[in-house]
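1. just to be clear, the model below is a prediction. Sequence and coordinates:
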Amino acid sequence: MSIIWKTIQTLLGISFLLMLALVLTHALLLRPRVDLQLLVPEESFELPTSMTFFPGSTTEFVVTEKAGRIKWFTEGALQNSGLLLDLTDTVYSAGWEEGLLSLAFDPDYAKNRYAYIFYSLDSPKRSRLSRFTVNSDNIADRSSELALLEIPKTSDSHNGGMLQFGTDGFLYVSVGDGYQGDDAQDLSDLKGSLLRLDIRNASEEVPYAIPPDNPFASNSEGIRAEILAWGFRNPWRFSIDELTGHIFVGDVGDNHQEEISRVEIGKDHGWPILEGDQCYPPGTENCDKEGTVLPIASFEHTFIRSVIGGYVYRGEDIPWLRGQYVYGDYFRGLFQLDPTEPDIQHFPHVLVYKPRMQHGEELGEVMFFSSLTEDAAGELYATSLSGAVYKLQLLSPSKELKGFFRALGDFR
């Protein structure tokens with residue numbers, strides 16, 4: 001009997017140690033690595049979709065709201081400083097993925113006061129890229145709208161909708177597949193692509209020109225010359241690293257894989273032949289990967305469920321994070337990866353996991369991220385669709401310890 005009892009005690013001890021190791025490993029992996037500083041704490045946001053700094057600024061920025069409002073702010077203020085533009089009577093936002101999706105300021109904004117926005121319209125369904133002129137009081141003149149591009153679609157979903165200017169002065173635009181996967185492989189269609197446009201001399205007659213070094217600028221095969229790269233499902237957010245010129249896209253997957261790609265110009269990035277680095281649909285064997293650009297990271301939904309493309313951190317506030325690519329997951333928080341790693345990465349590294357709302361009626365509830373952005377100094381910010389904007393900051397040892405214990409308590 002004593003031998004049986006000792007055996008039981010030994011097994012219980014081993015089980016306890018294994019469980020303790022599992023709990024501690026869980027807490028170590030999911031503990032916070034950065035702090036989130038709440039900005040404009042008394043502002044009431046309604047589904048903020050993006051945040052963009054005025055050119056050259058580290059203190060003044062705008063936030064777009066899904067319904068069609070654009071508010072502008074000064075860092076340190078408690079509320080917005082004014083309404084830059086209200087298009088709520090024009091923007092179609094009934095579909096969950098539709099609305100006013102992003103904004104970019106012209107590189108020569110100080111002189112021309114141009115702002116560009118990407119938004120949804122209905123009857124018929126389409127996405128529109130427009131330019132507005134903003135006056136010295138930071139109010140856009142609605143009558144100044146110049147529609148530059150409209151993209152027909154048949155679904156509410158997979159719009160893409162990110163705008164960013166490159167160091168070359170051209171405007172880059174991400175466009176989703178419109179929930180029609182095969183369109184991402186149809187080069188006579190703009191959907192499922194990253195576009196590059198020359199809008200410097202935009203007019204009603206000629207809303208944009210094609211940069212001469214676009215890969216299909218001079219083709220005669222019916223390929224859309226605006227296309228820089230293709231094969232994307234829903235490239236909701238992308239960024240251009242000013243130091244290296246690399247373009248990183250977070251492409252939202254279907255039911256199995258989320259991917260981050262480093263864009264190769266004039267190349268196919270896989271969808272719907274691939275989802276992440278896996279053949280699509282799941283169970284397909286021996287799909288042709290030779291003609292596609294494989295992602296730098298491909299995550300199963302066990303880890304990442306709805307990827308949000310981010311930025312390579314070039315700021316000063318968090319020294320250990322410099323050179324790392326910071327990205328998000330709508331459901332699970334913020335993460336990092338090494339963009340120079342030669343192998344495809346499959347395991348995410350947590351920066352902050354399921355962070356809680358810091359104010360408002362949903363105080364303490366898990367926040368859901370919609371976008372990231374950077375200021376002129378390379379510092380990073382995150383927009384929560386739950387209704388707030390945050391700045392990423394260095395985490396104090398006391399907060400890291402507190403986060404570790406919270407992760408222990410959250411173990412399931």
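-> Received, thanks.
2. in which helix or strand would I find residue 5?
-> Using DSSP states H and E, residue 5 sits in helix 2-30.
3. and the next element down the chain from that helix?
-> strand 34-38.
4. adjacent strands (with direction) for that following strand?
-> Strand pairing for strand 34-38, determined by DSSP bridges: strand 388-394 (antiparallel).
5. can I get the strand it pairs with as PDB, trimmed to CA atoms?
-> What follows is strand 388-394, C-alpha atoms only, in PDB (Å, rounded to 0.1, in the frame of the first residue of the first chain):
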ATOM      1  CA  ALA A 388      -9.600  55.200 -28.300                       C
ATOM      2  CA  VAL A 389      -6.100  56.000 -29.600                       C
ATOM      3  CA  TYR A 390      -2.900  55.100 -27.800                       C
ATOM      4  CA  LYS A 391       0.900  55.700 -28.000                       C
ATOM      5  CA  LEU A 392       3.300  52.800 -27.600                       C
ATOM      6  CA  GLN A 393       5.800  53.600 -24.800                       C
ATOM      7  CA  LEU A 394       8.500  52.000 -22.800                       C
END
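6. and that strand, which residues are buried?
-> 388-393 (16 or more other CB atoms under 10 Å). C-beta here means a position set from N, CA and C on the backbone, and glycine is covered the same way.
7. contacts for that strand next, please.
-> Here strand 388-394 makes contact (CB atoms under 8 Å, 6 or more residues apart in numbering) with 34-40, 45, 48, 51, 63, 317-318, 326, 334, 351, 357-360, 367, 379-384.
8. in stretch 205-215, what's buried?
-> 207-208, 210-211, 214-215.
9. for stretch 86-98, same thing?
-> 86-87, 91-93, 97-98.
10. sorry, back to before: which ones among the contacts of strand 388-394 lie within helices?
-> Counting by DSSP state H, none of the members of the contacts of strand 388-394 fall within helices.
11. what secondary structure does the closest residue to residue 277 other than its chain neighbours sit in?
-> Leaving aside its sequence neighbours, residue 277 sits nearest to residue 298 (CB to CB, 6 or more residues apart in numbering; 4.2 Å). Following DSSP: H, G, I helix; E, B strand; the rest coil, residue 298 is assigned to strand.
12. is residue 298 bridged to anything, and to what?
-> residue 259.
13. OK, contacts around residue 344?
-> 277, 294-298.
14. any idea how far it lies from residue 298?
-> Applying CB to CB, to the nearest Å, the value for residue 344 to residue 298 is 6 Å.
15. same check, this time on residue 103
-> Distance, residue 103 to residue 298, by CB to CB: 30 Å.
16. now swap in residue 288 and tell me
-> 17 Å.
17. neighbour-wise, which of the two wins?
-> residue 298 (23 against 9; other CB atoms under 10 Å).
18. rewinding a little: what pLDDT, on average, does the helix holding residue 5 get?
-> Averaging pLDDT along helix 2-30 yields 65.
19. ok, now stretch 244-256?
-> On average, stretch 244-256 scores 97.
20. same check on stretch 213-223?
-> On average, stretch 213-223 scores 97.
21. what's it in contact with?
-> Looking at what lies outside stretch 213-223 - CB under 8 Å, 6+ apart - the contacts are 187-188, 196, 210-211, 224-228, 265-266.
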